[in-house]
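Trainee: What follows is a predicted protein model with its sequence.
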Amino acid sequence: MRSAIAAIMTVLVGLLAGCGTVDAALRQDFAVVIFKQNANVNELLQVRHACAHLPGAVLQAPPSGQDPLTAIYALRYDTSTATPADIAALHSCLQRFKSVAGVEFQNQQPGGPGNTSDGS
């Protein structure tokens with residue numbers, strides 16, 4: 001009887017651990033660039049071009065149908081597979097531009113709202 005209970009407990013612990021692994025695999029992390037109020041579209045495009053090819057920080061396509069005035073708020077990088085060195089390289093690239101106010105890091109968990117923290 002004890003071995004059966006131990007076996008069931010082992011399976012349950014394995015299942016619970018597996019759920020955490022699945023959630024971690026499905027989680028998406030993003031770095032959202034925050035621009036200063038006086039930034040213009042040309043500055044956004046310069047930042048977009050200069051920091052587009054960094055490892056671990058995949059530049060996201062801008063939302064379709066967005067006008068240039070609101071595009072300022074649409075510069076996002078998928079950092080789900082980024083290492084700390086990748087994040088540092090992205091931050092370093094973004095800091096070269098006076099129009100960048102900072103970076104906000106967002107975690108989107110499956111089935112829940114995103115958590116945000118200011119990374120500037």
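Mentor: Arrived safely.

Trainee: what stretches of this structure score poorly on pLDDT?
Mentor: Within the chain, the segments meeting pLDDT under 70 span 1-27, 66-73, 109-120.

Trainee: how about 50 then?
Mentor: 4, 6-7, 11, 17-24, 112-120 (pLDDT under 50).

Trainee: What segments of it are helices?
Mentor: Residue ranges of the helices in the chain, as given by DSSP state H, are 2-26, 41-50, 68-71, 84-95.

Trainee: Can you point out the buried residues in stretch 77-96?
Mentor: 77, 79-80, 82, 86-87, 89-91, 93-94 (16 or more other CB atoms under 10 Å). For every residue, glycine as well, the C-beta is placed using N, CA and C.

Trainee: My guess is Asn107 contacts Val32. True?
Mentor: No: using CB atoms under 8 Å, Asn107 is not in contact with Val32; the gap is 11.7 Å.

Trainee: any residues in contact with both of those two?
Mentor: Residues touching both Asn107 and Val32 (CB atoms under 8 Å, 6 or more residues apart in numbering): there are none.

Trainee: Next, the buried residues of stretch 42-61.
Mentor: 43-44, 47, 51, 54, 56-59.

Trainee: Kindly export it (C-alpha atoms) in PDB.
Mentor: Presented in PDB, the C-alpha positions along stretch 42-61 are these (Å, rounded to 0.1, in the frame of the first residue of the first chain):
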ATOM      1  CA  ASN A  42      12.300  59.000 -38.400                       C
ATOM      2  CA  GLU A  43      14.000  58.500 -35.000                       C
ATOM      3  CA  LEU A  44      11.900  55.400 -34.400                       C
ATOM      4  CA  LEU A  45      13.000  54.000 -37.800                       C
ATOM      5  CA  GLN A  46      16.600  54.700 -37.000                       C
ATOM      6  CA  VAL A  47      16.400  52.800 -33.700                       C
ATOM      7  CA  ARG A  48      14.400  50.000 -35.400                       C
ATOM      8  CA  HIS A  49      17.100  49.600 -38.100                       C
ATOM      9  CA  ALA A  50      20.100  49.900 -35.800                       C
ATOM     10  CA  CYS A  51      18.900  47.400 -33.200                       C
ATOM     11  CA  ALA A  52      17.100  45.000 -35.500                       C
ATOM     12  CA  HIS A  53      19.700  42.200 -35.700                       C
ATOM     13  CA  LEU A  54      20.700  41.500 -32.200                       C
ATOM     14  CA  PRO A  55      20.900  37.900 -31.100                       C
ATOM     15  CA  GLY A  56      18.100  36.800 -28.700                       C
ATOM     16  CA  ALA A  57      16.000  40.000 -29.300                       C
ATOM     17  CA  VAL A  58      13.700  39.400 -32.300                       C
ATOM     18  CA  LEU A  59      12.200  42.600 -33.600                       C
ATOM     19  CA  GLN A  60       8.400  42.300 -33.900                       C
ATOM     20  CA  ALA A  61       6.600  43.500 -37.000                       C
END
